[in-house]
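> What follows is a predicted protein model with its sequence.
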Amino acid sequence: MSRFRNKAAIVTGAASGIGLATAERLAAEGASVLLTDLSEQAGSEAACRLGATARFRAHDAASESDWESVVADCVNEFGRLDVLVNNAGVAFLAGQLPPEDLTLEEWNRVNAVNAAGVMLGCKHAIRTMKATGGGAIVNIASVAATVASPLAVPYGASKAAVVQLTKTVAFDCARRGYEIRCNAVLPGTIETTLYKTFSEEQRAANARSVPVGRLGTPEDVAIAVAFLASDDARYITGAQLAVDGGLSAVNPMRADDG
Ligand SMILES: NC(=O)c1ccc[n+]([C@@H]2O[C@H](COP(=O)([O-])OP(=O)(O)OC[C@H]3O[C@@H](n4cnc5c(N)ncnc54)[C@H](O)[C@@H]3O)[C@@H](O)[C@H]2O)c1
């Protein structure tokens with residue numbers, strides 16, 4: 001497939017996990033890809049592996065000046081911006097805390113990356129895409145956007161913000177005639193470095209609860225992201241697509257029914 005031939009994409013948090021798999025997928029389908037991440041060495045190595053049509057930029061997704069530079073770099077390097085994948089995210093910074101022990105600092109730091117970072121990416125991508133005929137934005141949320149996560153309160157709240165923002169961006173771009181689609185992917189439990197911050201007990205419980213009987217891989221998510229970013233999804237905007245092996249479709253009270 002070459003759904004992204006002559007197209008340029010930015011993927012944030014692309015040094016590892018879901019972002020890396022997404023950058024690889026888009027590149028394999030013909031896209032020029034600007035990988036961004038805080039992690040310079042892993043990001044540079046990943047871009048080198050992807051070949052001549054990939055570049056890496058150090059980028060803090062929570063910084064507006066970094067966003068201005070990254071979007072300008074993409075246009076300078078590739079002449080356009082067609083796809084933005086807002087993937088960079090953090091689960092915890094101060095560890096797993098119940099609501100009564102949360103600090104404002106932890107709340108603000110997680111939300112700065114996961115929620116404000118996505119808002120900034122949408123803002124600067126819209127400004128560029130609307131001038132060049134449109135594009136597609138895919139925001140990586142989480143099933144934690146829709147269910148309680150008592151030990152990851154800022155994370156769940158930040159991902160709920162991403163889902164709401166996605167719908168608002170989709171609606172506003174559509175009503176202004178910008179030809180920019182915006183959708184959210186809600187991964188379940190995916191085996192990446194971020195997931196490894198969970199305890200062994202949580203990981204075992206998560207694996208048992210997935211209806212299809214396995215945890216997800218970064219590639220499972222990347223395939224869905226590429227679909228939403230492609231013209232195959234031309235009539236899909238404002239959607240939230242769970243990529244979770246059926247996890248969010250199950251009523252936990254009935255999970256053991258024969
Ligand atoms: N792994 C899961 O089970 C899971 C489930 C649901 C949602 N997600 C979401 O998927 C996305 C990717 O996570 P992952 O599992 O691949 O984790 P990961 O840790 O492998 O990758 C996250 C990447 O984001 C980068 N990053 C962190 N803060 C950043 C910042 N401020 N600016 C730029 N880059 C930054 C990290 O350096 C890292 O390379 C995240 O948004 C995460 O919340 C993951």
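Good, I have the coordinates. Numbers count the residues shown, from 1 in each chain.

> Pull out the buried residues from the strand ranked longest in the chain.
Among the segments of the chain that qualify as a strand by DSSP state E, the longest is strand 180-187. Applying a neighbour-count criterion of 16 or more other C-beta atoms under 10 Å, the buried positions in strand 180-187 are 180-187. (Glycine included, C-beta is placed from N, CA and C.)

> pLDDT-wise, which helix or strand of the chain ranks last?
The helix or strand of the chain with the lowest confidence, counting by mean pLDDT, DSSP states H and E, is helix 200-209 at a mean of 81.

> Show the subsequent helix or strand relative to that helix.
For helix 200-209, the following helix or strand on the C-terminal side (DSSP states H and E) is helix 218-229.

> pLDDT (mean, whole number) over the longest helix along the chain?
Secondary structure of the chain read by DSSP state H shows that its longest helix is helix 153-175. Predicted confidence along helix 153-175 averages 98 (mean pLDDT).

> The ligand contacts on the chain?
Within reach of the ligand by C-beta under 6 Å from any ligand atom, the chain has these residues: 12-13, 15-19, 37-39, 59-62, 87-90, 113, 140, 142, 187, 189-190, 192-195.

> Now list the buried members of the residues you listed.
Burial by neighbour count, 16+ other C-beta under 10 Å: within these this picks out 12-13, 15-19, 37-38, 59-62, 87-90, 113, 140, 142, 187, 189-190, 192, 194-195.

> picking up where we left off before, now the buried residues of strand 180-187 in CSV, with pLDDT?
Shown next, in CSV, are the buried residues of strand 180-187 (pLDDT from 0 to 100):
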residue, pLDDT
I180, 99
R181, 99
C182, 99
N183, 99
A184, 99
V185, 99
L186, 98
P187, 98
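
> ok, so of these, who is nearest the ligand?
Distance from the ligand was checked for each of these by C-beta to the nearest ligand atom. The minimum falls on P187, at 3.7 Å.

> What residues does that closest one make contact with?
The neighbourhood of P187, defined by C-beta atoms under 8 Å, 6 or more residues apart in numbering, consists of 18, 140, 142-143, 216, 221, 243-244.

> In helices only, show me the residues you listed.
With helices defined by DSSP H, the entries of the contacts of P187 inside them are 18, 221.

> Could you find the residue in the stretch 51-200 of the chain that comes nearest to the ligand?
In the stretch 51-200 of the chain, the residue that lies nearest the ligand is G89 (2.3 Å; C-beta to the nearest ligand atom).

> Give me the phi and psi for that residue.
Backbone torsions of G89, given as degrees, to the nearest 10, read phi -160, psi 160.

> shouldn't it be in contact with V113?
Yes: taking C-beta atoms under 8 Å as the definition, G89 is a contact partner of V113 at 6.3 Å.

> okay, and the common contacts of those two?
Taking C-beta under 8 Å, 6+ apart as the contact rule, the neighbours common to G89 and V113 are S158.

> hang on, L81 packs against G135?
Yes: with contact defined as C-beta under 8 Å, L81 counts as touching G135 (6.4 Å).

> Can you pull the residues that touch both of those two?
When contacts are counted by C-beta under 8 Å, 6+ apart, L81 and G135 are jointly contacted by 125, 129.

> I'd guessed A136 sits against N86; true?
No: A136 sits out of contact with N86 when judged by C-beta under 8 Å, with a separation of 11.5 Å.

> all strands of this protein, in order?
According to DSSP E, the strands that the chain contains are 8-12, 32-37, 54-58, 83-86, 135-140, 180-187, 240-243.
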